[in-house]
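> my questions are about this predicted structure, shown below with the sequence.
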Amino acid sequence: MALRAALRKNCALTGLFSQLSSSSRHGRVCVSPVLVAQQRNNSTAQKIKVDFDQSTGVAVMRMQNPPVNSLSLEFLTELCISVEKLEMDKSCRGLIITSSQPKVFSAGLDILEMYGKSPERCGEFWRAVQEMWLKLYSSNLVTIAAINGSSPAGGCLMAMTCDYRIMADNPRFSIGLNETQLGIVAPFWFKDTMVNTVGHRHTEMALELGLLYNPSEALKIGLVDQLVPEDQVLSTAEKTMAKWFAIPEHARQITKSMMRKATIDKLVSSREADIKNFVKFITKDSIQKSLRVYLEMLKKRKA
Amino acid sequence: MALRAALRKNCALTGLFSQLSSSSRHGRVCVSPVLVAQQRNNSTAQKIKVDFDQSTGVAVMRMQNPPVNSLSLEFLTELCISVEKLEMDKSCRGLIITSSQPKVFSAGLDILEMYGKSPERCGEFWRAVQEMWLKLYSSNLVTIAAINGSSPAGGCLMAMTCDYRIMADNPRFSIGLNETQLGIVAPFWFKDTMVNTVGHRHTEMALELGLLYNPSEALKIGLVDQLVPEDQVLSTAEKTMAKWFAIPEHARQITKSMMRKATIDKLVSSREADIKNFVKFITKDSIQKSLRVYLEMLKKRKA
Amino acid sequence: MALRAALRKNCALTGLFSQLSSSSRHGRVCVSPVLVAQQRNNSTAQKIKVDFDQSTGVAVMRMQNPPVNSLSLEFLTELCISVEKLEMDKSCRGLIITSSQPKVFSAGLDILEMYGKSPERCGEFWRAVQEMWLKLYSSNLVTIAAINGSSPAGGCLMAMTCDYRIMADNPRFSIGLNETQLGIVAPFWFKDTMVNTVGHRHTEMALELGLLYNPSEALKIGLVDQLVPEDQVLSTAEKTMAKWFAIPEHARQITKSMMRKATIDKLVSSREADIKNFVKFITKDSIQKSLRVYLEMLKKRKA
């Protein structure tokens, strides 16, 4: 399967167990001080390349975290800050997210952030994953995913937060929330995002089986909106952006918020409980053991 | 786009901003005294023509408010009273809604009801829009939309309240909630009705972009149920009605209520707040200015 | 219609009126003592044949309640106990549900359980129907419906509780919740299960008209997942099971629960009120009269 191919080269992984009923209200849709501090310490790292064209109002954000754009704490922090800066720039109206790495959009959450780490560090990491989702899913910008490679797990989540998804029509690429295949569980807000995109039944099948779809299948169920030849993904995204810019901005933003608010509020109101659940799950001996086995397998393959 | 073609000839417009969280309980699914009084004053106007066939139990309601069946306060009031009369007539079991105007089913809410009017009058108008939706969406009658022309915005909403939608297969006709294109926002109950019809993702795209669909596209996403040649729209509606009449009536009515109750209750429990939101939005200087520009454009086109 | 064909040979019927808002908390997802006692009294009856293959972990449950696998109290009780036993057997991981009767998967609830019975008995019966749904819809096992015949009403409900549905590609077979055609109403949890499977709009149409779909139509709207020649239904189910077994079990189970929990909780929290509603409805003179007419019609046809 394409999944295995995509994962063969990396140690990225995503989606963790979480079933929430609590209602702490600490969550906020902003970059937390912790994240900002983190970023300062790593300011030399350039894992996100943003090209903003003042004349068009479109920013192209290229993920360049070799080899497979794994979503590490550092990477997520840089990504959130970049999005925040663009949100604050009034001349920026649209954001295209794409990858600088060959064959991969993003392989999802970085396993190394979950293996052998302290509970505090795991919690910090999970907060950054939440932050990325909250920022992108609630963004006032027009967001388009230019999916120029495989996009499993957290990579698929990132794509699903966008207003529109254009994927390279290469049958070797795949996209989906495949967490279950790795023995872990997509949290409720990954699930909610997918239900909003492809409906309840497709989500049930996809999540129970950890399905990865090739581009044609993804188009058929509505997981992506359009397929184009690999070398036209970015240019098509730019053309599509023009169509979205023709819509009165304020009305579009209010409409987007109306469509997504209930889903966003659900995480915002239970954010701390979601972190607690994640940390409890990921630090279990059995899960840590699974991760070690998986990491060792990856090392052998590299050798 | 067909949208522009449909709008070129009229000053109808629909769909206003509304995000509700309040819970006033003043809403009732009935024609308010205000509406009834309104109707008496205009009893000479015959904007709704109802042909009720006692032998079949089917009423055909033809909208004839030239040029494009704009939904004015007067027109909505007459429509609500007509529906109420049919509901109370035990021999009436089904309602077909269609248009007497060429090329247009209904072009939606009448802009002139929103421009330069007092807050009180705007509120009265909005209550009538709510009333129309509540009456039709909760009707015990079998309701079929015989969509024999374009049906943007409020016209699309009216069609979506029906149990079944038959559209003329003319590629120049279009249907959709295109409010966003005009800088305004479909209220939450327009959105909920569309989600119930075509699902979350199609609604998100449709509302963010203010999409109008040609008949084939509308059929594909399920916004209408059937396409027929233009001259067979009404006869097909009548044949379809017979199929629905074959179902035990009481069981069908309870089932319909079970499917729609949650959506209806949401507006009923926040009706006053929805009106307040609408009035606040529509009387804004910026919105009034947009409406003036739009009206002037329409005048120039006519000239 | 296939419906009539399927019903011609039996007195099975399903789906009763229920609109709940109460919140009694007596419901539990387990076999009640009443059901267990019932089963003991009928232990000689073998209406459910279970073949469990220890080597594969797959149990095949064959319904053999001639002529059409009507869901009587006795049959439902035996079915629930069988499922419970398999759930408790750690070596069992998957359950295939199929029929030993020709041309029929299950024709749904047994009318004779609803006609001329005491309110207490009716209530006991309805609790068993709830129990069947709760057990199957929340099962930790991988459940596959091998639908080798027509499956109206309660038969369709049973199929919809499964993780995957494979149907015999015979155009004479049909599947759907057709309660409305018989003058009764599918309860809210039948409706919720169908919405989760085919979405809101298809469910609205299907339930209002009591639609039965042939296999191709059922596949098209997603009511079943796969069609195969009649003689390959069971073997395909077995092959499919292997695919599901490849997924880490614990993660799959948590995911399944996450997808279905809200729907299940809704019935669990209003179970007693749902029973009360059913008993009140079914013991009405008008409904009892309908059932008598229907039963007499069936008798005449047999003669």
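Received it, and whenever you're ready, just let me know what you need.
> quick one, phi/psi of the residue lying closest to A:K103 once chain neighbours are set aside?
Leaving aside its sequence neighbours, A:K103 sits nearest to A:G149 (C-beta to C-beta, 6 or more residues apart in numbering or on different chains; 4.6 Å). Every C-beta, even on glycine, is put in place using the N, C-alpha and C of the backbone. Phi and psi for A:G149, reported as degrees, to the nearest 10, are phi 180, psi -170.
> can you tell me if the host helix or strand of A:A206 touches chain C.
Following DSSP states H and E, one finds A:A206 within helix A:200-209. Yes: remark: helix A:200-209 sits within contact range of chain C at A:H200, A:R201, A:T203, A:E204, A:M205, A:L207, A:E208, A:L209, by C-beta under 8 Å from any C-beta of the partner chain.
> so the second one sits against C:G222, correct?
Yes: counting by C-beta atoms under 8 Å, A:R201 sits close enough to C:G222 to count as a contact (5.7 Å).
> okay, those two: which has more neighbours?
The neighbour comparison of A:R201 against C:G222 (other C-beta atoms under 10 Å in any protein chain shown) goes to A:R201, with 19 against 16.
> OK, contacts around the more buried one?
Listed by C-beta atoms under 8 Å, 6 or more residues apart in numbering or on different chains, the contact set of A:R201 reads C:N196, C:T197, C:V198, C:G199, C:G222.
> show me the contacts for the first one.
So the one you mean is C:N196. C:N196 neighbours (C-beta under 8 Å, 6+ apart): A:H200, A:R201, A:E204, C:M259, C:R260, C:T263.
> follow-up on the earlier one: of the residues of helix A:200-209 next to chain C - the most surrounded one?
A:L207 (28 neighbours).
> any idea how far that residue is from chain B?
According to C-beta to the nearest C-beta, to the nearest Å, A:L207 and chain B sit 17 Å apart.
> extract the CA atoms of the helix or strand hosting A:K239 and return them as PDB.
In this assignment (DSSP H and E), A:K239 forms part of helix A:233-245. What follows is helix A:233-245, C-alpha atoms only, in PDB (Å, rounded to 0.1, in the frame of the first residue of the first chain):
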ATOM      1  CA  VAL A 233      -0.800  21.700  -8.600                       C
ATOM      2  CA  LEU A 234       0.600  25.000  -7.500                       C
ATOM      3  CA  SER A 235      -0.500  27.000 -10.600                       C
ATOM      4  CA  THR A 236      -4.000  25.600 -10.300                       C
ATOM      5  CA  ALA A 237      -4.100  26.600  -6.700                       C
ATOM      6  CA  GLU A 238      -3.100  30.100  -7.700                       C
ATOM      7  CA  LYS A 239      -5.800  30.200 -10.300                       C
ATOM      8  CA  THR A 240      -8.400  28.900  -7.900                       C
ATOM      9  CA  MET A 241      -7.400  31.500  -5.400                       C
ATOM     10  CA  ALA A 242      -8.500  34.200  -7.800                       C
ATOM     11  CA  LYS A 243     -12.000  32.700  -7.900                       C
ATOM     12  CA  TRP A 244     -12.300  32.800  -4.100                       C
ATOM     13  CA  PHE A 245     -11.000  36.400  -4.000                       C
END
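> how far does it sit from the chain's center?
20 Å (C-alpha atoms, centre = their mean, to the nearest Å).
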